[in-house]
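S.K.: Give the three-dimensional model of this entry:
(chains A and B)
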Amino acid sequence: MNLDKLQVNACLRSGWQAVDLGFLMARAWWRQIYLASLLPLLPLTIVLLLVFWQNPLWSLLFIWWLKPFWERLPLYIASRMLFDEEPDTWSRMKSLPLKDVLPWLLWRRFSVQRAFDNPVTVLEELKGKARRERLRILHGRYTDVALGNQLVCFCFELLVAFGLVVMLDFFTPDTLGIRYYDNFDDLTLAGERIYTLAGIAAITLVMPFHTMAGFALYLNRRIELEAWDIEISFRNLANRKQRASSQRAGLVSTIVLAGLVTLTIPATVDAATEHDHESARQLIESVLQGQDFGEERIIRKWRFKGWSEADEEAFPEWIIEFLEWLEQFKGWAEVLSNIAAWVKVLLVLAFAGLLFYLYRRYRGPLSRLGRRQPETTAPEVLFGLDVTPESLPPDVPVKVMALWAEGAYREALSLLYRASLSRLIDKYELAFRASHTEAECAALVRAHGIDSLSEYFWQLTNAWRRLAYGHQLPQSETIKGLCDGWTAELSDESQ
Amino acid sequence: MLDTRYRVEIPGGINLEAQVVGPVPRFFAFAIDLGIRGIIILVLSLLSIPLGSGGMGGGFFLIFLFAIEWLYPVLFEVFSRGQTPGKKMLKISVIKDDLSPVTLGASMVRNLLRTVDFLPLFYLVGLVTMLSNQRFQRLGDLAAGTLVISVPESAKPAAMQEVVPLAPSTSLLRPEQTSIIEFLRRSNQLSEPRQQELASILEGITHEKGDNGVEQLRRIGAWFLGVR
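M.R.: Below is the predicted model:
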C-alpha cells in the first residue's frame, strides 16, 4: 500500500459523500470493472439460459443468488486501480472467488451491508472471529449509510430492469402484437425470457456502482481510522523540507559565485539591464501580441435569421405610413386638441403627484441636507455587520452565551463583536468609517488611550477574525472570558 | 485524482468549493418529497369529496394536483435555499453551477425537464445521465446549469486539551499547518502506534522520536490553533 499513489483524494467525508465517491470510482474505472464482472458472468449466463431453456426465470434467480461471487473480482481490480498497480498474478485472482464463499452464499447472502463488509473478506482475507472483530471496529456510524446504499442500489436494479422492458415495448410496433408486462402472473415464455435478460442486464449494470460505493465507505472508514490524509500531507511536508535543504546548499554556492561576477564586471551588468525607450516599446508590443494578451475567441450563439444590422438602423417605414394615414383625420383636429388639453391637465397633476410622493419618500434625507454635516457620520454597517444600537438585544453577554450554547458559534461571536463596535461608537465616540478594516478599528481603539479597553478589544478582534475568516472556533472558555470582559469594559455599568 | 469536489474560480482568484451529490442521497431526498406530496394529495382529495367528485370538487382537485406536482420543487428550491424538505433532511441543496443561488428560471427548467428524466420509467434517463458526467447532473440539471451539492456542516469546537503550545522551528505552508492541527484534533481517534508512525514522518521538524515526537507535534498544532 503506497499512499503516494492513491488515486482518490484522501479527506474526511461523510458517509453519503463516500458513497458518491464510490460511484465516481465505478465511473472512472468502468472498463476494467465491467470486464472483470462480465468475464465470469457472461459464460455462466449463456450456460444457465441453455439449461433452463423452458424456465428462464430460474437462471435469473441463480445469477442473483451468486451476486457475492460476481462482486469479488471487480472489487479486487478496483483495489489495485486505487493504488495504480497492475493486478497480481492470475493464480491469486483465481483463488479469489472461493475465499470464505460458503457463508457468503448462505446466511450472509441476506446481509444488508454486503458491499461494505466485502473488502474485509476479499482484500484483508479475514475469517471467523478476526473478521467479526474487524467489522466491529469498521462499522462505526456507517451502518445506516451501508444499508441505504444496499436499498437504493436494489431499487436501481429494479428500475433498470423494468425500464429496459418498458423501453423495448416503446420501440416495438403495436402491429407485432407482443405484450411484455400487462399481466405479470401469466407471462408468456417470450416474456419470461425478456424479463430474465433485462434482470441479468440490470444486475450487471448496477453491481459495479453498488460494490464501489461499499468499497468507498470501507475506504472512508480506514482514512478516518488511520488518518491517511494526515500521512500524505506529512510526507509531502517532509519531502518539501528535504528538497529545500538540498536546494539551499546549491543556492549558497551560486550566490557566492554571482557575488564574484558582479564585483569584477559591474559596468556590463548595468548596460545589459538598461533598455532605451525604443527597444522597451518594441518589447512591450511583442509581449502584448503574445498569446496571453492577444487572445481571439470565437463565440457562437443563436440569433434570429431575418434580423440584420441595417434593419435596426433604418427609420421604421410603418411609422411614416401611420402618420400619413393620420393626415386624413384633419377634421378631428379640434376634438383632438380638446382631448390634448385634458391630457395636459392629467400630466400636470401626475407630475405634481410624483413631486409630492418624492417629497414624502425622501423627506428624511432632504431635511438632513440643510443641517451642517458632522465631520464623520457614525457608520451603520461595518464589514457587513449592523452596528446600530437598535439592532442589539438588551443583555448582550447573556444572549451571546445562549447562542454559543445552542451551537450558533458564528452568530454568537459576531453579536459580541458588533455590540462592542456599536458601544465604542456610542459611548466613546470613536470615529470609525465604513471603509475601516477590523485591524484599523482596533488601532483606533488603541489610539483612544484606555489600555484595558484596547487590550480587550484586540483580543475580541482576533477571536472574531480567526472565526470569521479562518474558520477556527475559539474555546468556550475564551468566549466566557470575552463576555465577562464586555461587561467590565463596555456595558452600561462600567465606569 | 478522483474527488467529489467541485471547484469554481471567481474573479479575484478565489476558489469556491462544493461537494457534488450523487444518485443515492438524491434518491432518498426524492422519496421523502414524494411521500410528502402523496400525503398532501391524499388530504386534498379527502377535502374535495364534499365538493362533489364530478364538477367543482374534481376541477379544484385537478388544479391543486397540477400545482403541487409542478410547483412544489420549484417554490422550495427558490425560496428555501435550494432545499425541498427531502433535500433538507439529507443536507443537500440545489445551486447554480457557478455556485450562486438557484434562480427561478433555472429551477423551473430543471423541474420541467423531470418529464424527460423520468423516461422510460421512474427516472432511468435521469439516472443514466447522472452517471455519465462527473458532477452527477441529470438532464434537467444540464439544461438549467444547476448542481446538487451537499450543505457543509459547521465545525464543532475542539475539546479543550491541556497542551503547552510550541512554536515550530521552521516555516510551514497553510495546508501543512492544517494537517498538524488535524493531527492534534484527531489524535484521540488514532491508536498510539499509528500516532507514533505519523509523527516519525516529521522527525526532521520535531527532532524527536516516538512518544516525544507525538507530543511535540501536538504542541505545534496547539500553537497553530492560536493557543499561547
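
S.K.: what's the domain layout of chain B?
M.R.: Chain B breaks down into these domains under automatic domain parsing: B:5-150, B:174-224.

S.K.: Using a markdown table, lay out those domains together with distance to chain A.
M.R.: C-beta here means a position set from N, CA and C on the backbone, and glycine is covered the same way. What follows is those, written out as a markdown table (distance: least, C-beta to the nearest C-beta, whole Å):
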| stretch | distance to chain A |
| --- | --- |
| domain B:5-150 | 4 |
| domain B:174-224 | 4 |
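
S.K.: Now tabulate these in TSV and tack on distance to residue A:410 and mean pLDDT.
M.R.: As requested, the domains of chain B are exported to TSV (distance: least, C-beta to C-beta, whole Å; pLDDT from 0 to 100):
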stretch	distance to residue A:410	mean pLDDT
domain B:5-150	16	87
domain B:174-224	19	84
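
S.K.: Mind putting these into JSON lines with distance to residue A:32 and mean neighbour count?
M.R.: As requested, the domains of chain B are exported to JSON lines (distance: least, C-beta to C-beta, whole Å; neighbours: other C-beta atoms under 10 Å in any protein chain shown):
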{"stretch": "domain B:5-150", "distance to residue A:32": "17", "mean neighbour count": "17"}
{"stretch": "domain B:174-224", "distance to residue A:32": "31", "mean neighbour count": "18"}
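
S.K.: a markdown table for the ones you listed, including distance to residue A:354?
M.R.: Rendered in a markdown table, the data for those read as follows (distance: least, C-beta to C-beta, whole Å):
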| stretch | distance to residue A:354 |
| --- | --- |
| domain B:5-150 | 31 |
| domain B:174-224 | 57 |
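
S.K.: Could you report the neighbour count for the residue nearest to residue A:437 when sequence neighbours are not counted?
M.R.: What sits nearest to residue A:437 in space, not counting adjacent residues and going by C-beta to C-beta, 6 or more residues apart in numbering or on different chains, is residue A:383, at 7.2 Å. Around residue A:383 sit 17 other residues, with neighbours defined as other C-beta atoms under 10 Å in any protein chain shown.

S.K.: so residue A:383 touches residue A:435, yeah?
M.R.: No. Distance between residue A:383 and residue A:435: 10.0 Å, which falls outside the contact criterion (C-beta atoms under 8 Å).

S.K.: list the contacts for residue A:9?
M.R.: In this structure, residue A:9 makes contact with B:1, B:2, B:3, B:5, judged by C-beta atoms under 8 Å, 6 or more residues apart in numbering or on different chains.

S.K.: go with 6 Å
M.R.: By C-beta atoms under 6 Å, 6 or more residues apart in numbering or on different chains, the residues touching residue A:9 are B:1, B:3.

S.K.: Likewise for residue A:395?
M.R.: When the contact criterion is C-beta under 6 Å, 6+ apart, residue A:395 has no partners at all.

S.K.: Just the element for residue 166, please.
M.R.: You didn't say which chain, so I picked chain A. For residue A:166, the enclosing helix or strand under DSSP states H and E is helix A:143-170.

S.K.: what separates the next helix or strand after that helix from the chain centre, distance-wise?
M.R.: Read in the C-terminal direction, the helix or strand following helix A:143-170 is helix A:189-226, with elements assigned using DSSP H and E. Centroid displacement of helix A:189-226 relative to its chain, using C-alpha atoms, centre = their mean, to the nearest Å, is 26 Å.

S.K.: buried residues in helix A:189-226?
M.R.: Buried residues in helix A:189-226, counted by 16 or more other C-beta atoms under 10 Å in any protein chain shown: A:191-200, A:202-221, A:223-226.

S.K.: follow-up on the earlier one: pLDDT score for the residue nearest to residue A:437?
M.R.: Among the per-residue scores, residue A:383 shows a pLDDT of 75.

S.K.: How much space separates the nearest residue to residue A:336 once chain neighbours are set aside from residue A:323?
M.R.: The spatially closest residue to residue A:336, leaving aside those adjacent along the chain, is residue A:329, at 8.0 Å (C-beta to C-beta, 6+ apart). The gap separating residue A:329 from residue A:323 is 11 Å, by C-beta to C-beta, to the nearest Å.

S.K.: what's the spacing between the residue nearest to residue A:13 when sequence neighbours are not counted and residue A:229?
M.R.: Taking C-beta to C-beta, 6+ apart as the measure, residue A:13 lies nearest to residue A:220, with 5.4 Å between them; neighbours along the chain are not counted. Here the criterion is C-beta to C-beta. By it, residue A:220 lies 11 Å from residue A:229.

S.K.: now residue A:87
M.R.: Using C-beta to C-beta, one obtains 26 Å as the distance from residue A:87 to residue A:229.

S.K.: of those two, who's got more company?
M.R.: residue A:229 (20 against 15).

S.K.: for the closest residue to that one other than its chain neighbours, what are its contacts?
M.R.: Taking C-beta to C-beta, 6+ apart, and ignoring the residues beside it in sequence, residue A:229 has residue A:10 as its nearest neighbour in space, at 4.4 Å. Contact analysis of residue A:10 by C-beta under 6 Å, 6+ apart lists A:223, A:228, A:229, A:232.

S.K.: 8 Å instead, please
M.R.: A:3, A:223, A:228, A:229, A:232 are the contacts of residue A:10 under C-beta under 8 Å, 6+ apart.

S.K.: got it, and residue A:221?
M.R.: Contacts for residue A:221 (C-beta under 8 Å, 6+ apart) come out as A:138, A:140, A:142.

S.K.: pLDDT weak spots in chain A?
M.R.: Low-confidence regions of chain A, defined here as pLDDT under 70, cover residues A:88-95, A:97, A:177-187, A:251-275, A:294, A:307-314, A:330, A:364-378, A:493-495.

S.K.: Strands of that one, residue ranges please.
M.R.: In chain order, chain A shows strands spanning A:381-382, A:385-386, with DSSP state E as the criterion.

S.K.: I'd like to check what contacts the last one. Which residues are they?
M.R.: Think strand A:385-386. Residues external to strand A:385-386 that are found in contact with it (C-beta under 8 Å, 6+ apart): A:380, A:414, A:417, A:418, A:421.

S.K.: next one: the first one
M.R.: By C-beta under 8 Å, 6+ apart, the surrounding residues in contact with strand A:381-382 are A:387, A:418, A:421, A:432, A:434, A:436, A:441.

S.K.: now do 6 Å
M.R.: Taking C-beta under 6 Å, 6+ apart as the rule, strand A:381-382 contacts residue A:421.

S.K.: That one pairs with which strands, parallel or anti?
M.R.: Under the criterion DSSP bridges, strand A:381-382 sits next to strand A:385-386 (antiparallel) in its sheet.

S.K.: number of nearby residues for residue A:410?
M.R.: Neighbourhood size, residue A:410 [other C-beta under 10 Å]: 15.

S.K.: Next up, the contacts around residue A:150.
M.R.: Under the criterion of C-beta under 6 Å, 6+ apart, the contact partners of residue A:150 comprise residue A:112.

S.K.: Against residue A:115, how distant is it?
M.R.: Note on residue A:150: its distance to residue A:115, by C-beta to C-beta, is 7 Å.

S.K.: And residue A:406, by the same measure?
M.R.: 38 Å.

S.K.: would you turn the contacts of residue A:221 into CSV with distance to chain B and neighbour count?
M.R.: As requested, these are arranged in CSV below (distance: C-beta to the nearest C-beta, whole Å; neighbours: other C-beta atoms under 10 Å in any protein chain shown):
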residue, distance to chain B, neighbour count
A:138, 14, 20
A:140, 10, 11
A:142, 13, 23
